[in-house]
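S.K.: My questions concern the predicted model and sequence given below.
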Amino acid sequence: MERFELEIPTTVTEAVDLLPASWDEDGGREAMPIAGGQDLLTVLKEELYAPERLVHLKGISDFGGIRESGKGLVLGALLKVASVAADPRIRLHWRALAEAAESVASPQIRNQATLGGNLCQRPRCWYFRSSDAPCLKKGGYECYAYGGKNKYNAIFGGGPSYIVHPSDIAPALQLFRASVKTQSGGGSRELAISELYTLPADSDVTRETVLGPDELIESVSLPAPEPGFKTTYVKAQERGSFDFALSAVALGVRAQGGKITECRMVLGSVAPVPWQPERAEQEAIGMKDEPESWAKIAAVAMEGAEPLSENGYKVPLTKGLIEKAFKRLREEDV
């Protein structure tokens, strides 16, 4: 890790002024924001970037805490992941979010990592993480995962890069139609979670979000709870704990008279963005809330998947997770 200056501003304005106003040839990396540092410090240790300055956000009080707003909640970007998982209001009304937060890494990391940092973490692809591989994500000319070791890479939305977004929390937030408020030199703006992330083919392939170089996530807004809308989050991982998802499912279902009247589903770790299979959501409406229907919905959700040479297992794995999520929600009603 190279030496850097550390700045600790106490206001948003100060923080934004310390960050670059535009991207330069190095991707605006002469100064970078840091919060919990669980991902950024790893990136720096791997010598993927060598910023001259880190801007620590811990002194900005506006970025912390949880407050009620109307009938929903506003979560500060500096809120610890452990606090998201433990909050009784979130556990009661936004269960999938609490479960997703609780599944992140280890207790030690959850007590240090922040909500905003989890949403903005960089890809875990080993070609991206290796300083010896000049991959497309780092401004190179090739996605080595496409024809190389791609066990953990995308089966949806890939090309020209095949990374998957590693956040557990982002799919759950998208399930609840949450939004983020950001601050930059150009002022504030509000984005739906689904608008925060960008596919590699849609913009600058070196970026995963639409955030500018001086743009910071201030908070996340959760809409009011939806009565009768039951949610859960399930994921598969190689190790029993402290591991990123091989595939994940955030599922929300409302059922009446034994039939599904509403279904929302967001898949994690299968695409460069939280992946929402809208056709499967639509097909679910009117189906009986039973195993045969769950299998059909899961099959529709996986339509269009394009596995690479080593990640075809993600198709049956994700189908199984979808059925598992449906079963978990159905058992709550028994």
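M.R.: Right, received. Where do you want to start?
S.K.: Pop out the phi and psi values for V253.
M.R.: Main-chain dihedrals, V253, degrees, to the nearest 10: phi -140, psi 140.
S.K.: From V164, how far out is it?
M.R.: Distance, V253 to V164, by C-beta to C-beta, to the nearest Å: 25 Å. (C-beta placed from N, C-alpha, C; glycine too.)
S.K.: of these two, who's got more company?
M.R.: Shown here are V253 and V164; by other C-beta atoms under 10 Å, V164 has more neighbours (30 against 24).
S.K.: Touching, the more buried one and A271? I think so.
M.R.: Yes: using C-beta atoms under 8 Å, V164 makes contact with A271 at a distance of 6.2 Å.
S.K.: Need the residues touching each of these two.
M.R.: Common neighbours of V164 and A271, counting by C-beta atoms under 8 Å, 6 or more residues apart in numbering, are A154.
S.K.: Read off the pLDDT value for R3.
M.R.: With respect to pLDDT, R3 scores 92.
S.K.: scratch that, G27
M.R.: Per-residue pLDDT puts G27 at 51.
S.K.: Tell me which stretches of this protein form strands.
M.R.: Along the chain, the segments classed as strands by DSSP state E run 5-7, 31-34, 53-56, 66-69, 72-76, 179-184, 187-192, 216-222, 230-236, 247-256, 259-268.
S.K.: Can you tell me the closest non-neighbouring residue to K151?
M.R.: With sequence-adjacent residues excluded and distances taken as C-beta to C-beta, 6 or more residues apart in numbering, K151 is closest to E310, at 4.5 Å.
S.K.: who touches the one you found in this structure?
M.R.: Applying C-beta under 8 Å, 6+ apart, the residues contacting E310 are K149, N150, K151.
S.K.: Extract the residue ranges of this structure that are flagged as low pLDDT.
M.R.: The chain contains residues with pLDDT under 70 at 24-28, 334.
S.K.: can you do 50?
M.R.: For the chain, the stretches with pLDDT under 50 are 28, 334.
S.K.: quick check: longest helix of it.
M.R.: The longest helix of the chain (DSSP state H) is helix 314-331.
S.K.: for that helix, packing partners?
M.R.: Judged by 3 or more C-beta pairs under 8 Å, 6 or more residues apart in numbering; DSSP states H and E, helix 314-331 is in contact with strand 230-236, strand 247-256, helix 291-301.
S.K.: Kindly recompute the last result at 10 Å.
M.R.: Secondary-structure packing of helix 314-331 (3 or more C-beta pairs under 10 Å, 6 or more residues apart in numbering; DSSP states H and E): helix 95-102, strand 230-236, strand 247-256, strand 259-268, helix 291-301.
S.K.: Would you mind giving the ones you listed as a markdown table with distance to A133 added?
M.R.: A markdown table is the format used below for the helices and strands packed on helix 314-331 (distance: least, C-beta to C-beta, whole Å):
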| stretch | distance to A133 |
| --- | --- |
| helix 95-102 | 30 |
| strand 230-236 | 27 |
| strand 247-256 | 24 |
| strand 259-268 | 24 |
| helix 291-301 | 32 |
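S.K.: Nearest to T206, out of these?
M.R.: strand 259-268 (21.7 Å; C-beta to C-beta).
S.K.: quick one: the helices in the stretch 51-200 of the chain?
M.R.: Along the stretch 51-200 of the chain, the stretches classed as helices by DSSP state H, counting those that start in this stretch are 81-86, 88-93, 95-102, 107-110, 115-120, 126-129, 144-147, 169-175, 193-196.
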